[in-house]
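**Student:** okay, predicted coordinates and the sequence, questions at the end:
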Amino acid sequence: MSEPEILVDARGHRCPVPTLRLRRALEAAPAGARLRLLADDPLARIDVPHFVEGVGATVLEQGEAEGVLSFLVEK
């Protein structure tokens with residue numbers, strides 16, 4: 001059975017807060033963990049994938065519903 005996703009809710013915050021919250025969560029998470037970032041800052045579309053690539057993690061999926069961006073990231 002796989003571990004549940006770690007939720008990082010950064011809705012209501014502007015750049016760079018969503019990326020900073022994701023960074024903190026990734027640092028605390030074990031290798032192989034999956035984190036779900038929720039953000040409503042449009043800049044997260046650009047910032048998050050660049051940040052994730054830079055730290056050697058992977059964006060497994062990215063989507064948007066009702067103005068909320070969702071990123072599933074694997075450490």
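**Tutor:** Yes, it's here.
**Student:** for Pro30, see how far away the closest residue to Arg45 other than its chain neighbours is.
**Tutor:** Leaving aside its sequence neighbours, Arg45 sits nearest to Leu69 (C-beta to C-beta, 6 or more residues apart in numbering; 6.3 Å). To be clear about C-beta, it is placed using only N, CA and C from the backbone, and glycine gets the same treatment. Note on Leu69: its distance to Pro30, by C-beta to C-beta, to the nearest Å, is 25 Å.
**Student:** of these two, give the one with the bigger neighbour count.
**Tutor:** Neighbour totals were compared for Leu69 and Pro30, and Leu69 leads with 21 against 8 (other C-beta atoms under 10 Å).
**Student:** ok, that one - contacts?
**Tutor:** Contact analysis of Leu69 by C-beta atoms under 8 Å, 6 or more residues apart in numbering lists 37-42, 44-45, 48, 62-63.
**Student:** across the sheet, point out what pairs with it.
**Tutor:** Bridge pairing for Leu69 (DSSP bridges) gives the partners Ala39, Glu64.
**Student:** quick one: it from Leu37, how far?
**Tutor:** 8 Å.
**Student:** give me the common contacts of the two.
**Tutor:** Common neighbours of Leu69 and Leu37, counting by C-beta under 8 Å, 6+ apart, are 44, 48.
**Student:** now do the SS call for the most centrally placed residue in the chain.
**Tutor:** In the chain, the C-alpha nearest the mean C-alpha coordinate belongs to Leu37, at 3.5 Å (C-alpha atoms, centre = their mean). Judged by DSSP: H, G, I helix; E, B strand; the rest coil, the three-state class of Leu37 is strand.
**Student:** list the contacts for Glu3?
**Tutor:** Residues in contact with Glu3, defined by C-beta under 8 Å, 6+ apart, are 33-34.
**Student:** contacting residues for the nearest residue to Gly32 once chain neighbours are set aside?
**Tutor:** Nearest non-adjacent residue to Gly32, counting by C-beta to C-beta, 6+ apart: Lys75, 6.4 Å away. The contact partners of Lys75, by C-beta under 8 Å, 6+ apart, come to 26, 29-35, 57.
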